[in-house]
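> generate coordinates for the sequence data below:
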Amino acid sequence: MLSRRLGILFALVGLLASCTPTVDGTADAVHVPPLTSEEALGEPTTVDFCSLLDERKLREADVSVELATSGFLRCYAEVELGTVGLSVTIGDLYEATPFLQSDESRELARSVHRRHFEEEWACWRELVFADGVALDVTVYEAYGDIEGRPGDAEMCIVADLVTDGVQQAAYFGTGETMTFAEGSLAELEPCALLTADEAADVLDVESVLYEEALGGGGCSFWWYGEPYVGTDVEFAVTDLGTDVSEYYEENIGGRPSATFLSEGRCVLETPHMPVPAEVSTEWEVVNVYVYDEEGDPCAAATELAELVWPRLPEYED
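Residues are numbered from 1 along each chain as shown. Purely as a prediction, here's the structure:
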């Protein structure tokens with residue numbers, strides 16, 4: 001989520017480790033130009049993030065990939081390591097803004113940096129390309145026996161394995177691009193679905209800053225004060241199966257909707273269209289996230305959805 005990413009940005013490091021540029025431990029033999037994000041990954045609006053997931057490397061480490069879905073902003077995967085189930089995301093892409101110290105930082109070849117971060121809830125890695133664009137890789141617990149401490153072995157083992165594969169794909173340019181069907185959400189501008197004044201009014205703050213996700217697919221609005229409150233409008237792809245009617249039991253703004261509540265966060269989701277396939281189980285969806293630890297995030301998310309949903313193309317069941 002974009003606002004989670006903004007939170008991560010406030011936890012990054014300003015001082016990077018200095019060392020001989022290397023890739024897989026091999027120093028550059030000759031001068032090579034810096035590696036930019038677009039050279040490594042392609043046009044940011046069409047990056048197929050799941051094509052960066054090296055399933056062979058994971059299988060060799062006894063990590064099985066149970067699900068992998070590539071969306072507008074990130075790849076979402078579910079993996080298993082022993083008795084532990086983990087969720088993996090590759091993406092977002094964003095402008096790196098270092099602030100705080102990372103747990104580890106390495107300088108790689110061609111002016112690329114790799115940063116490691118460890119928390120109780122996740123291990124995440126960041127590849128920062130020469131143009132200052134960062135790619136996030138995050139691993140967090142889905143189920144199983146994890147003690148819940150910074151640097152949990154399973155989460156960080158998988159985070160390193162996934163990042164190793166992403167790093168290799170970036171240097172060799174083996175990532176693929178996504179194509180979108182006619183009528184896809186890719187044709188829309190997420191920041192055009194909600195104004196800053198509307199977001200500020202619903203969040204009950206004086207004003208908000210906003211930012212469109214790099215490459216499109218999301219728009220983030222946030223109050224630059226305390227306590228933190230914010231909202232994201234995101235386009236995503238999710239695996240819902242062939243029948244979505246039981247998944248969306250609410251009707252908000254004239255559209256089928258579903259609500260997901262966690263501590264300090266509420267998400268409202270509505271379907272848009274199935275991703276074309278012989279048997280389509282993946283759907284393009286629109287999400288409204290609200291982050292508010294002191295207020296009622298679901299009340300605000302509902303009010304925002306009532307503004308955003310009618311501005312979407314008509315949903316055809």
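> surely G215 is in contact with D48?
No - the criterion here is Cβ atoms under 8 Å, and G215 misses it with D48 at 11.9 Å. No exception for glycine: its C-beta is placed from N, CA and C like everyone else's.
> between the two, which has more neighbouring residues?
More crowded of G215 and D48, by other Cβ atoms under 10 Å: G215, with 20 against 17.
> with adjacent residues omitted, what lies nearest to the more buried one?
P44 (3.1 Å; Cβ to Cβ, 6 or more residues apart in numbering).
> how near is the one you found to A134?
Look at P44 and A134: by Cβ to Cβ, to the nearest Å, they are 12 Å apart.
> any residues in contact with both of those two?
L93 (Cβ atoms under 8 Å, 6 or more residues apart in numbering).
> so between those two, which is more surrounded?
When P44 and A134 are compared on other Cβ under 10 Å, the one with more neighbours turns out to be A134, at 23 against 17.
> list the residues that contact the nearest residue to E189 once chain neighbours are set aside.
Leaving aside its chain neighbours, E189 sits nearest to G216 (7.2 Å; criterion: Cβ to Cβ, 6+ apart). Counting by Cβ under 8 Å, 6+ apart, G216 touches 45, 72, 186, 189-190.
> one more: T45?
Contacts for T45 were tallied using Cβ under 8 Å, 6+ apart; they are 186, 215-217.
> which two of those have the greatest separation?
Checked with Cβ to Cβ, the contacts of T45 reach their widest spread between A186 and G215, with 10.2 Å between them.
> give me the common contacts of these two.
45, 72.
> just confirm L161 is within a helix.
Yes - read with DSSP: H, G, I helix; E, B strand; the rest coil, L161 is one of the residues of a helix.
> got the contact list for it?
Here L161 is in contact with 54, 57-58, 61, 63 (criterion: Cβ under 8 Å, 6+ apart).
> just these: which are in helices?
Using DSSP state H, the members of the contacts of L161 that fall in helices are 57-58.
> out of the contacts of L161, which are buried?
54, 58, 63 (16 or more other Cβ atoms under 10 Å).
> JSON lines for those, including pLDDT?
JSON lines is the format used below for the buried ones among the contacts of L161 (pLDDT from 0 to 100):
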{"residue": "D54", "pLDDT": "98"}
{"residue": "L58", "pLDDT": "97"}
{"residue": "V63", "pLDDT": "96"}
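> format those as TSV; extra columns: distance to R311.
What follows is the buried ones among the contacts of L161, written out as TSV (distance: Cβ to Cβ, whole Å):
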residue	distance to R311
D54	39
L58	40
V63	41
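> for those, which one is nearest S105?
D54 (22.6 Å).
> need the contact list for that closest one.
So D54 contacts 161-162, 164-166, 168-169 (Cβ under 8 Å, 6+ apart).
> at 6 Å what do you get?
G165 (Cβ atoms under 6 Å, 6 or more residues apart in numbering).
> and if you look at W309?
By Cβ under 6 Å, 6+ apart, W309 lies in contact with 253, 255, 270.
> in terms of helices and strands, where is the residue nearest to P297 when sequence neighbours are not counted?
Distance criterion Cβ to Cβ, 6+ apart; nearest residue to P297, sequence neighbours excluded, is C266 at 3.7 Å. Assigned by DSSP states H and E, C266 belongs to strand 265-274.
> skip ahead from that strand and say which helix or strand is next.
By DSSP H and E, the next helix or strand past strand 265-274 is strand 282-292.
> helix, strand, or coil at the nearest residue to V32 once chain neighbours are set aside?
The spatial neighbour of V32 that comes closest, neighbours along the chain excluded (Cβ to Cβ, 6+ apart), is R110 at 5.5 Å. For R110, the secondary structure call by three-state DSSP comes out as helix.
> then T174?
Under three-state DSSP, T174 comes out as coil.
> residue contacts, it?
Going by Cβ under 6 Å, 6+ apart, the list of residues near T174 is empty.
> now it: phi and psi?
phi -90, psi 0 (degrees, to the nearest 10).
> same deal with L240?
Per degrees, to the nearest 10, the backbone of L240 is at phi -110, psi 0.
> check what pLDDT the residue nearest to G215 gets.
Here the pLDDT value assigned to P44 is 95.
> the helices in the chain, which residues?
According to DSSP H, the chain carries its helices in the segments 2-9, 37-41, 55-60, 153-172, 196-203, 297-308.
> and the fifth one, what does it pack against?
Right, helix 196-203. Packing partners of helix 196-203 (3 or more Cβ pairs under 6 Å, 6 or more residues apart in numbering; DSSP states H and E): helix 297-308.
> pull out the buried residues from the helix it packs on.
297-298, 300-308.
> for the stretch 51-200 of the chain, which spans come out with low pLDDT?
Within the stretch 51-200 of the chain, the ranges that satisfy pLDDT under 70 run 98-100, 145-152.
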